[in-house]
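*Asks:* give me a 3D structure for the following:
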Amino acid sequence: MSGHSKFANIKHKKEKNDAAKGKIFTKIGKELSVAVKEGGSADPANNSRLRDVIAKAKANNMPNDTIDRNIKKADGDTASYEHITYEGYGPNGTAIIVEALTDNKNRTASNVKNAFTKGNGNVGTPGCVAFMFDKKGQIIVDKEEYSGDADELMMQVLDFGADDFIDEEDSYEVITSPDDFSEVRVKMEEAGIPMAQAEVTMIPQTYVSLTDEKDIKDIQKTLDMLDDDDDVQDVYYNWEE
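*Replies:* As a prediction, the model looks like this:
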């Protein structure tokens, strides 16, 4: 089984400087707060969404005391956040999906539109590129952190309920349906399988290569601006870096 893994990009993100890590922690902190409010419980045992966000926080090396502090802060957080998804096009028809958590829709919409425009792209209508992606649970196991047999791991995760197992050069990629993601992740955690990343994501069905230097600079500008926006939680795209 083979496929396309973004693990190299994941490792690059995890090696960012402290300022960038702080920004990532702020975004995950917002997700933790929303998960507590929407799940109705600050106890991960009774809130599957919160369990999944905690797993994401740990995969991004957020300290346990920081996770606990953000969960406790949720009760006193009076901000009302709204989930908003934007879709659009980058250079050469590349597809980009932006997921945001915001307490000010006008601000977020303006910032996202500006990021697309600066990169010579444009925001489209809802659904304009979503059909090019599949919503899946994705769990990455770093081969450097896992010394077990690949075939045994594959049989194990498939038995846990995973849909697919992909053996990449530097990692194993476990794919689940969104509904089964939480259960599979918990079973892998209980089995002591190290996870470099675990989240429900949007996986492109096909990828677009960019060869023109200007196109590459343009899409990088858009992605950098979106990454710097505190309202933007996740960005998915089909550019093959």
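*Asks:* the residue nearest to residue 199 when sequence neighbours are not counted sits in which helix or strand?
*Replies:* Leaving out its chain neighbours, the residue that sits closest to residue 199 by C-beta to C-beta, 6 or more residues apart in numbering is residue 56, at 5.1 Å. Using the backbone N, CA and C atoms, a C-beta is placed for each residue, glycine as well. Residue 56 is part of helix 48-59 when elements are defined by DSSP states H and E.
*Asks:* helices and strands around that helix, which ones?
*Replies:* Applying 3 or more C-beta pairs under 8 Å, 6 or more residues apart in numbering; DSSP states H and E, one finds that helix 48-59 makes contact with helix 18-39, helix 64-73, helix 178-190, strand 197-204.
*Asks:* paired strands for the shortest one, with orientation please.
*Replies:* Strands adjacent to strand 197-204 in the sheet, as given by DSSP bridges, are strand 133-142 (antiparallel).
*Asks:* related to what we said a few turns ago, need the residues that contact the helix holding residue 56.
*Replies:* By C-beta atoms under 8 Å, 6 or more residues apart in numbering, the surrounding residues in contact with helix 48-59 are 25, 28, 31-32, 35-36, 38-39, 41-45, 66-67, 71, 181-182, 185-186, 189, 195-200.
*Asks:* and the end-to-end length of stretch 111-131?
*Replies:* Using C-alpha to C-alpha, to the nearest Å, the end-to-end distance of stretch 111-131 comes to 24 Å.
*Asks:* ok so, going back, burial of the residue nearest to residue 199, as a residue count?
*Replies:* With neighbours defined by other C-beta atoms under 10 Å, the count for residue 56 comes to 20.
*Asks:* swap in residue 102?
*Replies:* A count of nearby residues for residue 102, using other C-beta under 10 Å, gives 23.
*Asks:* surely it and residue 84 touch.
*Replies:* Yes - using C-beta atoms under 8 Å, residue 102 makes contact with residue 84 at a distance of 6.1 Å.
*Asks:* how close does residue 174 sit to residue 198?
*Replies:* As defined by C-beta to C-beta, to the nearest Å, residue 174 lies at a distance of 9 Å from residue 198.
*Asks:* and for these two, which residues touch both?
*Replies:* Shared contacts of residue 174 and residue 198, defined by C-beta under 8 Å, 6+ apart, are found at 137, 138, 139, 140.
*Asks:* wouldn't the first one be in contact with residue 175 here?
*Replies:* Yes - contact between residue 137 and residue 175 holds when scored by C-beta under 8 Å: they sit 6.9 Å apart.
*Asks:* so between these two, which is more surrounded?
*Replies:* Taking neighbours as other C-beta under 10 Å, residue 137 and residue 175 compare with residue 137 leading, 25 against 21.
*Asks:* who touches the closest residue to the more buried one other than its chain neighbours in this structure?
*Replies:* Among residues not flanking residue 137 along the chain, residue 181 sits closest, at 2.8 Å (C-beta to C-beta, 6+ apart). Residue 181 makes contacts with 52, 136, 137, 139, 198, 200, as judged by C-beta under 8 Å, 6+ apart.
*Asks:* burial check on the fourth one, number of neighbours?
*Replies:* What it means is residue 139. 25.
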